[in-house]
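Student: give me a 3D structure for the following:
(one chain, ligands or ions: 1)
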Amino acid sequence: MAAEVESVEALIDEFVPADNLKDLKRLLYGAELPSLNLSNEAKLFAQEKDIELKGYIFSAASESTRSPKIVRIGGVQNKIVLPTTAPILAQRDALHKRIADIIKCAALSGVNVICMQEAWTMPFAFCTREKQPWCEFAESAENGATTKFLQELAHQYNMVIVSPILEREEERWDVIQNTAVVISNSGEVIGISRKNHIPRVGDFNESTYYMEGNTGHRVFDTQFGKIAVNICYGRHHPQNWMLYGINGADIVFNPSATVGALSEPLWPIEARNAAIANSYFTVAINRVGTEEFPNEFTSADGKPAHKDFGHFYGSSYVAGPDGSRTPGLSRTRDGLIIAEVDLNLNRQIKDKWGFRMTQRLDLYAKELNDVLKPDWKPNIIRE
Ligand SMILES: NC(=O)NCCC(=O)O
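Tutor: The predicted structure follows:
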């Protein structure tokens with residue numbers, strides 16, 4: 001099999017002449033974002049642990065009535081550590097250990113709020129449609145081993161941690177959910193946010209495991225800003241992004257698990273467009289690597305059965321409300337993307353472009369309400 005391309009950025013750096021590099025980056029990424037000066041300790045630790053570490057700065061104009069609201073955001077992408085045939089607890093604990101290192105690297109880099117990839121404690125086994133052993137990865141959002149493990153780190157590093165897991169609702173008939181647990185920098189669980197849209201595309205057959213979430217478009221008011229979590233497939237739904245903005249989010253994380261053949265052309269666009277349309281920051285996070293499962297499964301497309309999903313292409317990035325974005329992380333390596341942002345930029349862009357002011361919620365609400373009526377007809381005037 002051909003080696004995976006490392007990243008768009010690696011290709012640009014290799015092939016674009018130095019004279020054109022600045023213009024090309026401006027055209028691709030918007031405003032040029034300066035690199036963040038990270039501590040030597042963080043850089044050495046990242047090198048020692050083979051973590052790609054990248055940091056950028058999104059600044060805002062200084063204001064006379066408000067102080068800057070500087071926050072360091074982190075997004076984590078990683079491969080599974082053990083093969084999918086290893087015992088469940090061994091797989092989970094190996095991921096805990098890996099993430100402990102990446103969170104330590106984030107702490108050494110001054111990160112205030114961090115988010116991992118979707119269902120980070122497990123391989124993305126939903127493609128198999130097998131219930132066992134994969135359902136065993138599900139755990140309580142409030143009292144599960146993963147939440148307890150992260151509560152200590154959140155407190156130790158004074159960091160808000162967003163932990164997307166497969167949740168087992170132990171108090172509610174053991175139902176499984178796809179959930180992000182938001183842990184305060186005090187170590188307390190602030191709350192949970194569930195995945196609103198469940199894919200039924202290609203090998204992504206997640207509706208076998210859990211239903212659409214029931215937590216709406218919650219925003220968590222943390223010490224480091226108002227944050228929300230739009231889990232994976234929700235990024236294809238502009239209204240989903242919109243409602244986190246309507247509830248006042250400053251930063252929306254999009255923890256994902258998606259593969260190249262399916263979604264790579266969409267990836268650089270969706271979270272970036274959401275940041276623009278909603279005047280907030282977005283953090284697009286995707287897992288990395290190819291995960292092989294013990295038994296073959298089919299994609300119901302007439303093609304031969306297979307044991308892997310394809311390549312999870314990483315490429316995590318941060319986008320700002322002004323349309324600028326960071327370069328992506330690698331398509332193949334574990335990594336930590338950091339953005340130091342001034343949240344004042346959100347209001348400055350609202351003032352500049354006026355998207356909140358000019359939106360027509362009254363029109364949308366009326367027309368959407370009509371759509372739900374059984375006698376609804378599309379508003380088309382025919383010649
Ligand atoms: N995990 C998940 O929702 N993946 C669906 C595929 C995609 O949205 O790219």
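Student: can you pull out the strands in the stretch 1-150 of the chain?
Tutor: With strands called from DSSP state E, counting those that start in this stretch, the stretch 1-150 of the chain shows them at 52-58, 70-77, 113-115.
Student: now mean neighbour count, distance to residue 40 and mean pLDDT too, for these, in a markdown table please.
Tutor: All C-beta spots, glycine's among them, are computed from the backbone N, C-alpha and C. Formatted as a markdown table, the strands of the stretch 1-150 of the chain follow (neighbours: other Cβ atoms under 10 Å; distance: least, Cβ to Cβ, whole Å; pLDDT from 0 to 100):
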| stretch | mean neighbour count | distance to residue 40 | mean pLDDT |
| --- | --- | --- | --- |
| strand 52-58 | 21 | 12 | 98 |
| strand 70-77 | 26 | 17 | 98 |
| strand 113-115 | 28 | 21 | 99 |
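Student: quick one: which of those is nearest the ligand?
Tutor: For the strands of the stretch 1-150 of the chain, the distance to the ligand is smallest for strand 70-77, at 13.7 Å, taking Cβ to the nearest ligand atom.
Student: okay, that closest one in CSV with CA atoms only?
Tutor: Provided in CSV are the C-alpha atoms of strand 70-77 (Å, rounded to 0.1, in the frame of the first residue of the first chain):
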residue,chain,number,x,y,z
ILE,A,70,-6.6,35.4,26.1
VAL,A,71,-7.2,31.7,26.2
ARG,A,72,-5.0,28.8,25.0
ILE,A,73,-7.1,26.1,23.3
GLY,A,74,-5.7,22.6,22.6
GLY,A,75,-7.0,19.8,20.3
VAL,A,76,-5.6,16.3,20.5
GLN,A,77,-5.4,13.7,17.7
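Student: pairing partners for that strand, with directions?
Tutor: As defined by DSSP bridges, the strand partners of strand 70-77 come to strand 113-115 (parallel), strand 335-342 (antiparallel).
Student: dump the ones you listed to a markdown table, plus distance to residue 225.
Tutor: Listed next are the strands paired with strand 70-77 as a markdown table, based on distance: least, Cβ to Cβ, whole Å:
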| stretch | distance to residue 225 |
| --- | --- |
| strand 113-115 | 7 |
| strand 335-342 | 9 |
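Student: from these, which stretch is densest packed?
Tutor: Ranked by mean neighbour count under mean count of other Cβ atoms under 10 Å, the strands paired with strand 70-77 are led by strand 113-115, which reaches a mean of 28.
Student: which one of the strands paired with strand 70-77 lies closest to the ligand?
Tutor: Relative to the ligand, the nearest member of the strands paired with strand 70-77 by Cβ to the nearest ligand atom is strand 113-115, separated by 14.8 Å.
Student: contacts for that closest one?
Tutor: Applying Cβ atoms under 8 Å, 6 or more residues apart in numbering, the set of residues contacting strand 113-115 from outside is 71-76, 103, 106, 159-162, 164, 180, 222, 224-225, 227, 229, 251, 253, 255, 283, 285.
Student: quick one: low-confidence ranges for the protein?
Tutor: Counting by pLDDT under 70, the chain contains low-confidence residues at 1.
Student: which stretches in the chain count as helices?
Tutor: Listed in chain order, the helices of the chain (DSSP state H) span 8-15, 18-29, 40-48, 88-108, 145-157, 238-246, 260-263, 267-278, 344-353, 355-358, 361-371.
Student: winner for burial among these?
Tutor: Note that of the helices of the chain, helix 267-278 is the most buried (mean count of other Cβ under 10 Å), with a mean of 21.
Student: let's see that one as PDB, backbone CA atoms only.
Tutor: Extracted in PDB, the C-alpha atoms of helix 267-278 (Å, rounded to 0.1, in the frame of the first residue of the first chain):
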ATOM      1  CA  TRP A 267     -12.900  18.600   6.300                       C
ATOM      2  CA  PRO A 268     -11.100  21.900   5.700                       C
ATOM      3  CA  ILE A 269     -14.300  23.700   4.900                       C
ATOM      4  CA  GLU A 270     -16.900  22.800   7.400                       C
ATOM      5  CA  ALA A 271     -15.500  23.900  10.800                       C
ATOM      6  CA  ARG A 272     -13.900  26.900   9.200                       C
ATOM      7  CA  ASN A 273     -17.200  28.000   7.600                       C
ATOM      8  CA  ALA A 274     -18.900  27.500  11.000                       C
ATOM      9  CA  ALA A 275     -16.400  29.800  12.600                       C
ATOM     10  CA  ILE A 276     -17.100  32.400  10.000                       C
ATOM     11  CA  ALA A 277     -20.900  32.100  10.000                       C
ATOM     12  CA  ASN A 278     -21.300  32.100  13.800                       C
END
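Student: what residues does the stretch 1-150 of the chain have near the ligand?
Tutor: When proximity is defined as Cβ under 6 Å from any ligand atom, the stretch 1-150 of the chain approaches the ligand at residue 118.
Student: what about the residue nearest to residue 175 when sequence neighbours are not counted, distance to residue 194?
Tutor: Of all residues not flanking residue 175 in the chain, residue 169 sits nearest, at 4.6 Å (Cβ to Cβ, 6 or more residues apart in numbering). In this view, residue 169 and residue 194 are 10 Å apart by Cβ to Cβ, to the nearest Å.
Student: who has more neighbours, those two?
Tutor: Ranked by neighbour count (other Cβ atoms under 10 Å), residue 169 and residue 194 place residue 194 first, with 20 against 16.
Student: for that one, give me its contacts.
Tutor: Contacts of residue 194 (Cβ under 8 Å, 6+ apart): 167, 177-180, 213-215, 231.
Student: would you format the strands of the stretch 1-150 of the chain as TSV with distance to residue 301 included?
Tutor: Below are the strands of the stretch 1-150 of the chain laid out as TSV (distance: least, Cβ to Cβ, whole Å):
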stretch	distance to residue 301
strand 52-58	33
strand 70-77	27
strand 113-115	32
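Student: rewinding a little: what residues are shared contacts of residue 169 and residue 194?
Tutor: Contact criterion Cβ under 8 Å, 6+ apart; residues bridging residue 169 and residue 194 by contacting each: residue 177.
Student: got the residues of the stretch 151-300 of the chain near the ligand?
Tutor: 199, 204, 232-233, 257-258, 262-263.
Student: quick check: the farthest pair among those?
Tutor: 232 and 262 (11.7 Å; Cβ to Cβ).
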